[in-house]
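Novice: Next come a sequence and a model predicted from it.
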Amino acid sequence: MTQLALLRSTLLRRKARTVFTLLSILVAFVLYGYLSAIDLAFSLGVDVSGVDRLIVQNKVSLIQPLPIAYGPRIEQIQGVVSTTHMNWFGGIYQDTKNFFPQFAVQSESFLDMYTEYVVPPEQRTAWAANRTGALVGRKTAERYGFKVGDRIPIQGTFFRKRDGSSTWEFTIDGIYKGDRAGVDETNFIFHYEYLDEASIGGAGLVGWYVVRVDDPERSAAVAKAIDAGFENSPFESRTTTEKAFAQSFANQLGDIGAILRAVMTAVFFTILLVSGNTMAQSVRERTSELGVLKTIGFTDGRILGLVLAESMLLALVGGGAGLALSWLAIKFGGDPTSGFLAVFIFPVRDLVSGFGYVLLLGLAAGAIPSLRARRLTIAEALRRL
Amino acid sequence: MSATTLVRTRDLHKLFLRGTERIDVLQGIDLDIQQGEFVALMGPSGSGKTTLLNLLGGLDRPTEGTIEIGGERVDSLSSNSLARFRSRHIGFVFQLYNLLPALTAERNVELPLLLTSLGRAERRSHVAAALELVGLVDRARHYPRQLSGGQEQRVGIARAIINDPTLLLCDEPTGDLDRKSGDEILDLLTALNREQGKTVIMVTHDPVAADRASRTLHLDKGILRGRSAT
């Protein structure tokens, strides 16, 4: 028999209690995994935003446009390497519940700016040559069964065509994938020229500019220079880093991160009480046994270690299984909203933090019971038969 | 101390405070027990028998006085040294056996060996020998709940002798057994004393059990009153 076998046998002494405690811990860490994935999804790619990219939008709000003529002027500013522009389309595919983001982009520069979008070369060439062509992200393509060559009608909600119709037809020319985890694979991208030429009004206006700078450390100075160039014009600008832009966009939904952290704090606190109670009960029930172990020569320190190890083992088995289960479920089960969330992964850093929380839980739940067990005098323990 | 004296106490006191009440459980015990003796410790309830046994076994500390076991002052050892001393030199047998219910008989017996540097095979061999000695080889894989009281006590004795201690301290080892099982346990303790040379100190209320001892000590209100040799 080893010390581990001794631990296992004491944990299995009350099988039902141990199993229920393990299940509580497991469920808590499955929840942690899903909430981490949802937190990342709602940050809308804040973490994968380019550090060398700035967003120039209308100072009033993102809904207000900027003139297309701003592009060349921005490119003149020192520190700017390249620009591209985008428009939010906001169309509906068949039904309002079928949501995926659609953007009209400056096709020739967009893929150079967003190198994380990987498109096969022949598809990229085909898209560049087709004015009504579109690129669609892998997740959206899988969700709706889109294939290259498909013709997709999308109802414009605020962009109407000059012929009075609100139906915009596109041909899928390519399907892009992210070059790493966390890249949004739900977007539908088409040519700005198609929108600009076919829509009623709004000609020569874009939603926002994306600007690449040569030195991310000089981003603030470049942003200031851009905004200074358009001061006192009918279209004043506000320039931020792409990360700040993504964050402010995510914050429009509320501080999801804070809400999720509050939920997790409540869950972990409850689990700490459950585990701590289990350990306290276990030690209380085994007082005389701990006395016997001390009688036969187990030192106070060894008894403390034994009880603490028992708590750690409980947390590791339950928490480890919970983290593994949530990782597997998220990786292979995918997004439970069937693609509504642009990114749905269990981030590695949160997985590592999860193991840290498991260890903390084991230590915290076992701290008081193990100290009590350590302080227990043999004569007192043996009297409690 | 003579060469064969294993246990010696001098002016041993133990005082308990219950609120403001002072209880002198042991009042100046002077005791010498020779190596290889089988000593019965008798006395009415509350006379201090178990307290004396606990002090001799290093489970508790005296308020005053000295205790020497095999020439070593156990009353001044640190907590960790005392734990190591117990694991090497003393075997304990309890009235209610005090086996760990989640462990089989052989694993209960093996427990003290976890504190040694013995390998798994050696530990198993020691356990088999101890269970053989108490006649329970065929019950090795049984849990305490699957054993009779007498068998549980045999397991308790096997656990007490697994480290080959010099001194066996038994606190009413037959107190929870019927006469037949009690006699079997007493036979076993007698054999350990006579054939293996273990020094045995046994607390008991039972005069029949005390008859097995070579000497009987009587404690009354914390004082050793009379001594009789069997």
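Specialist: Cool, the structure landed.
Novice: ok, now which ones touch the residue nearest to the spatial centre of chain B?
Specialist: Centroid check for chain B by Cα atoms, centre = their mean gives residue B:169 as the closest residue, at 1.4 Å. Counting by Cβ atoms under 8 Å, 6 or more residues apart in numbering or on different chains, residue B:169 touches B:53, B:56-57, B:90-93, B:201. Glycine gets a C-beta too; all of them are placed from N, C-alpha and C.
Novice: at 7 Å instead, please
Specialist: Residues near residue B:169 by Cβ atoms under 7 Å, 6 or more residues apart in numbering or on different chains: B:53, B:56-57, B:90, B:92, B:201.
Novice: near chain B, which residues of chain A?
Specialist: Counting by Cβ under 7 Å from any Cβ of the partner chain, chain A comes close to chain B at A:1, A:3, A:9-10, A:12-13, A:288-289, A:292, A:294-300, A:378-379, A:385.
Novice: how about the helices of chain A, start to end?
Specialist: Taking DSSP state H as the criterion, chain A contains helices spanning A:3-11, A:15-42, A:70-76, A:107-113, A:121-129, A:138-144, A:192-198, A:219-229, A:242-251, A:256-285, A:287-295, A:300-328, A:348-375, A:378-383.
Novice: How about chain B?
Specialist: Using DSSP H, helices in chain B cover B:49-56, B:79-89, B:105-110, B:120-133, B:149-161, B:179-195, B:207-210.
Novice: Now distance to residue A:371, mean pLDDT and mean neighbour count too, for those helices, in JSON lines please.
Specialist: Converted to JSON lines, these look like this (distance: least, Cβ to Cβ, whole Å; pLDDT from 0 to 100; neighbours: other Cβ atoms under 10 Å in any protein chain shown):
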{"stretch": "helix B:49-56", "distance to residue A:371": "24", "mean pLDDT": "94", "mean neighbour count": "24"}
{"stretch": "helix B:79-89", "distance to residue A:371": "15", "mean pLDDT": "93", "mean neighbour count": "18"}
{"stretch": "helix B:105-110", "distance to residue A:371": "26", "mean pLDDT": "95", "mean neighbour count": "25"}
{"stretch": "helix B:120-133", "distance to residue A:371": "30", "mean pLDDT": "94", "mean neighbour count": "16"}
{"stretch": "helix B:149-161", "distance to residue A:371": "27", "mean pLDDT": "95", "mean neighbour count": "25"}
{"stretch": "helix B:179-195", "distance to residue A:371": "38", "mean pLDDT": "94", "mean neighbour count": "17"}
{"stretch": "helix B:207-210", "distance to residue A:371": "40", "mean pLDDT": "92", "mean neighbour count": "17"}
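Novice: Can you lay out those helices as TSV showing distance to chain A?
Specialist: Shown next, in TSV, are those (distance: least, Cβ to the nearest Cβ, whole Å):
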stretch	distance to chain A
helix B:49-56	5
helix B:79-89	2
helix B:105-110	5
helix B:120-133	8
helix B:149-161	7
helix B:179-195	17
helix B:207-210	21
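Novice: Relative to residue A:305, which of the ones you listed is closest?
Specialist: Proximity to residue A:305 (Cβ to Cβ) singles out helix B:79-89 among the helices of chain B, at 13.1 Å.
Novice: For residue A:255, the count of nearby residues, please.
Specialist: Look at residue A:255: counted by other Cβ atoms under 10 Å in any protein chain shown, it has 12 neighbours.
Novice: so who does the residue lying closest to residue A:82 once chain neighbours are set aside touch?
Specialist: In space, and not counting its chain neighbours, residue A:82 is closest to residue A:212: 4.8 Å by Cβ to Cβ, 6 or more residues apart in numbering or on different chains. Contacts for residue A:212 (Cβ under 7 Å, 6+ apart) come out as A:52-53, A:81-82, A:113.
Novice: Retrieve the pLDDT associated with residue A:212.
Specialist: Note for residue A:212: predicted pLDDT of 94.
Novice: ok, now the one 3 residues further on?
Specialist: Residue-level confidence at residue A:215 comes out at 88, pLDDT.
Novice: Quick check on the residue in the stretch 51-200 of chain A positioned nearest to chain B: phi, psi?
Specialist: At 44.8 Å from chain B, residue A:181 is the closest residue in the stretch 51-200 of chain A, using Cβ to the nearest Cβ. Backbone geometry at residue A:181, expressed as degrees, to the nearest 10, gives phi -60, psi 140.
Novice: Nearest residue to it in space, please, no chain neighbours.
Specialist: Nearest non-adjacent residue to residue A:181, counting by Cβ to Cβ, 6+ apart: residue A:345, 5.1 Å away.
Novice: isn't that neighbour right next to residue A:182, touching?
Specialist: Yes - contact criterion Cβ atoms under 7 Å: residue A:345 and residue A:182 qualify, at 6.4 Å.
Novice: overlap in contacts of these two?
Specialist: The contact sets of residue A:345 and residue A:182 overlap at residue A:40 (Cβ under 7 Å, 6+ apart).
Novice: Quick one, grab the pLDDT at the closest residue to chain B within the stretch 251-385 of chain A.
Specialist: Residue nearest to chain B within the stretch 251-385 of chain A (Cβ to the nearest Cβ): residue A:297, separated by 2.5 Å. On pLDDT, residue A:297 comes in at 93.
Novice: same thing with residue B:20?
Specialist: We have a pLDDT of 86 for residue B:20.
Novice: And for residue A:24?
Specialist: For residue A:24, the pLDDT comes out at 91.
Novice: so what's the closest residue to residue A:113 other than its chain neighbours bridging to?
Specialist: With Cβ to Cβ, 6+ apart as the criterion, residue A:113 has its nearest non-adjacent residue at 4.5 Å, and that residue is residue A:84. When bridges are assigned using DSSP bridges, the partners listed for residue A:84 are residue A:210.
Novice: Near residue A:84, how many other residues are there?
Specialist: Neighbour count of residue A:84, defined by other Cβ under 10 Å: 23.
Novice: How about the one 10 residues further on?
Specialist: Residues lying near residue A:94 (other Cβ under 10 Å) number 11.
Novice: do the same with residue A:62
Specialist: 16.
Novice: now it, nearest residue through space, not along the chain?
Specialist: Once flanking residues are discounted, residue A:62 sits nearest to residue A:208: 6.8 Å by Cβ to Cβ, 6+ apart.
Novice: Does that neighbour touch residue A:54 like I think?
Specialist: No - the criterion here is Cβ under 7 Å, and residue A:208 misses it with residue A:54 at 10.1 Å.
Novice: Between the two, tell me which one has more neighbours.
Specialist: residue A:54 (27 against 22).
Novice: on that earlier part again, please work out which of the helices of chain A is packed deepest.
Specialist: With neighbours taken as mean count of other Cβ atoms under 10 Å in any protein chain shown, the helices of chain A reach their highest mean count in helix A:287-295, at a mean of 23.
Novice: Between helix A:300-328 and that one, find me the angle.
Specialist: Between helix A:287-295 and helix A:300-328, the angle comes out at 120 degrees (axes from the mean of the first three to the mean of the last three Cα atoms, to 10 degrees).
Novice: how far off helix B:149-161 does helix A:287-295 point, in degrees?
Specialist: In terms of direction (the same axes, to 10 degrees), helix A:287-295 departs from helix B:149-161 by 30 degrees.
Novice: elements contacting helix A:287-295?
Specialist: The contact analysis (3 or more Cβ pairs under 7 Å, 6 or more residues apart in numbering or on different chains; DSSP states H and E) places helix A:287-295 against helix A:300-328, helix A:378-383.
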